[in-house]
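In: Pasting a predicted model and its sequence here:
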Amino acid sequence: MPTRTALITGASRGIGKATALRLARAGMNIVATSREIESNEAVREEISRAAPRALFVNMDLASPDSIRAAFARALEQVERIDVLVNNAGITRDGLALRMKPEQWQSVLEVNLSGAFYAIQQVLPGMVRERWGRIINITSVVGQMGNAAQANYVSAKAGLIGLTKALARELARWNITVNAVAPGFIETDMTAGLPQQIKDRMLAAIALERFGKPEDVAGAVAFLASEEAGYITGHVLNVNGGMYM
Ligand code: NAI
């Protein structure tokens, strides 16, 4: 079996970093991308130690030009990308009544459009190889909704639609497209939430604990594996039973 190469967006911390490390331990070459990962010595060292081969490329998902340039640079150094994990995401929460166009657009751009443009970049190689794994990190709120997150929920629900559309479109080339929907995971993204909201969330989780980035990384690694070849268009919940 060939050594697979996986590109992960938002790999500098949280779920993205845990996923890069997990796929590295599964024997994959890693292309770790984020806005400013090239100068992040600590992350470079950690991922390099775990992966057979690791490459670090700055990529700003808010910019289609940056996405194109980053993939071009990566593909100069690795033959192809077999696995794409669209993990990077941002929140700009606020009530719909007061949401600014910038708040709406920036979240849709990074979380949904950025993922689509990244997918477009890997498709020629995957089609040529007749093999590919695309994994989009959505969210439990894309399934169940959430107040004060109209932008984020729309983007995450959009990712689920994108996953299903492309699962059908790309199946003929043996490319699977799946989504992983985390619940509440302890990362920088959730660290700043008010205690009251955390308490309310915890009360809704059947397993009575928040998730760890590694919980999500394990699910991604399965969907990226050779064994998951007959799974496509699926949304895998990693939410401790918060939503089922
Ligand atoms: P995080 O905030 O800890 O990390 C986000 C990563 O995305 C960082 O590496 C950051 O540099 C990168 N990023 C942000 N904007 C970017 C841009 N414009 N271009 C390139 N990279 C950019 O977030 P966390 O918690 O690790 O989340 C990862 C994914 O999981 C996100 O898509 C998030 O929406 C999703 N998620 C997280 C949950 C949680 O409870 N933490 C729950 C459900 C989904």
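Out: Alright, I've got the coordinates. Numbers count the residues shown, from 1 in each chain.

In: S12: what secondary structure?
Out: The three-state label given to S12 by DSSP: H, G, I helix; E, B strand; the rest coil is coil.

In: contacting residues for it?
Out: When the contact criterion is CB atoms under 8 Å, 6 or more residues apart in numbering, the partners of S12 are 32, 34-37, 40, 43. In this view, the C-beta of every residue, glycine as well, is placed from N, C-alpha and C.

In: wait, which of those residues is closest to P52?
Out: A32 (13.5 Å; CB to CB).

In: Checking that closest one next. Helix, strand or coil?
Out: Following three-state DSSP, A32 is assigned to strand.

In: Against I47, how distant is the nearest residue to it once chain neighbours are set aside?
Out: Distances taken as CB to CB, 6 or more residues apart in numbering place A11 nearest to A32, at 3.8 Å, with adjacent residues excluded. According to CB to CB, to the nearest Å, A11 and I47 sit 7 Å apart.

In: intersection of neighbour lists for the two?
Out: Joint contacts of A11 and I47 (CB under 8 Å, 6+ apart) are 17, 20, 30, 32.

In: Pull the most distant pair out of these.
Out: Farthest apart among the shared contacts of A11 and I47 - using CB to CB - are K17 and I30, which lie 10.6 Å from each other.

In: contacting residues around A70?
Out: Taking CB under 8 Å, 6+ apart, one finds 33, 57-59 in contact with A70.

In: Oops, could you answer that again for L21 instead?
Out: Counted by CB under 8 Å, 6+ apart, L21 has contacts 46-47, 50, 217.

In: try 10 Å
Out: 8, 11, 30, 32, 43, 46-47, 49-51, 213-214, 217 (CB atoms under 10 Å, 6 or more residues apart in numbering).

In: Would you mind listing which of those are buried?
Out: Buried members of the contacts of L21, scored by 16 or more other CB atoms under 10 Å, are 8, 11, 30, 32, 43, 46-47, 50-51, 213, 217.

In: Just flag the most distant two among these.
Out: It's A51 and P213 that sit farthest apart of the buried ones among the contacts of L21, by CB to CB, at 16.9 Å.

In: List the buried residues of the helix or strand hosting A217.
Out: Per DSSP states H and E, A217 falls inside helix 213-224. For helix 213-224, burial by neighbour count (16+ other CB under 10 Å) applies to 213, 215-217, 219-224.
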